[in-house]
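Enquirer: model the following, please.
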Amino acid sequence: MIQVKNLQIGTGRPKVCAPLTGVTQEKILSEARLAREAGADLVEWRVDFYQEILQLEKVLETLVLLRHELQGLPLLFTFRTLAEGGKQDLSIREYHDLYETVVTEQLVDMVDIELFQIESLGRGMIERIKDHQIPIIISNHEFKETPSDPVLLYRLNMMEHFGASIGKLAMMPQTEQDVFRLLELTKRASAFVSIPLITVSMGEMGKLSRVAGCLTGSAVTFGAISKASASAPGQLPVKELQQIIKSLA
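Expert: Alright, predicted model coming up:
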């Protein structure tokens, strides 16, 4: 279980996270207000959508305003690369400086770092984030397939090995069996790793996985504020997710 502000992740019902995908500060703050009003448990700023990402002063300014708008809701900070479904890329130096800055200023409550970025960033980066007592989601996204169970379990083990507070797998199913396989793997993953997990089968076929955390143990699900703001295929609206999860819990 991970404590983030007043939110406990990894115990009780799955928590609903609303991604913010606005390209301007004004749009991001508007989405934050809508996410809060819709009943999200936490919010993810997908900063790769932000058009002024390379201006660190603007990123910090937006974070200050965003935290005010969220009124205490936990904030997850994520830069998603093109290879894993993001909207733009940064050099390793830019990626490093972005995370180093927001962590040092302590303007975020959690960060997401992609598993395949860690070797380039170095283990020291993970340790510095932990020194600031900021939980880390280490994530992996596949938009073409759902790899075999041994591959997925190996990646989860690597996430724990690198110091993840939470491990995340978001996979694209090719068949319904891929969806059921990821659900089953999530249920039995506690025999292999001790950290809370987030698992998602993306797309229309995988929608079941977004409401199944009560059964599988997936700790967080991601819901869209609107169709236009969805950060990945298959996301359900925040309000709808909350209603379904509360009826299942």
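Enquirer: now the residue nearest the centre of the chain, nearest residue through space, not along the chain?
Expert: The centroid of the chain falls nearest to residue 112 when counting by CA atoms, centre = their mean (6.0 Å). Closest residue to residue 112 apart from its sequence neighbours, by CB to CB, 6 or more residues apart in numbering: residue 78 at 4.0 Å. C-betas here are computed from N, CA, C, even on glycine.
Enquirer: with residue 47 instead?
Expert: In space, and not counting its chain neighbours, residue 47 is closest to residue 79: 5.2 Å by CB to CB, 6+ apart.
Enquirer: tell me the contacts of that neighbour?
Expert: Counting by CB atoms under 8 Å, 6 or more residues apart in numbering, residue 79 makes contact with 46, 47, 48, 53, 86, 90, 95, 98, 99, 112.
Enquirer: switch to 7 Å and redo it
Expert: 47, 48, 90, 95, 98 (CB atoms under 7 Å, 6 or more residues apart in numbering).
Enquirer: out of those residues, which is most surrounded?
Expert: Ranked by neighbour count (other CB atoms under 10 Å), those have residue 47 at the top, with 26 neighbours.
Enquirer: who does the closest residue to residue 198 other than its chain neighbours bridge with?
Expert: Among residues not flanking residue 198 along the chain, residue 168 sits closest, at 4.1 Å (CB to CB, 6+ apart). With DSSP bridges as the criterion, residue 168 is bridged to residue 139, residue 198.
Enquirer: give me the number of residues near residue 168?
Expert: By other CB under 10 Å, the residues close to residue 168 number 24.
Enquirer: what do you get for residue 194?
Expert: Neighbour count for residue 194, taken as other CB under 10 Å: 8.
Enquirer: do residue 92 as well
Expert: Residue 92 has 12 neighbours, counted by other CB under 10 Å.
Enquirer: on that earlier part again, could you check the pLDDT of the residue nearest to residue 198?
Expert: Residue 168 carries a pLDDT score of 98 in this model.
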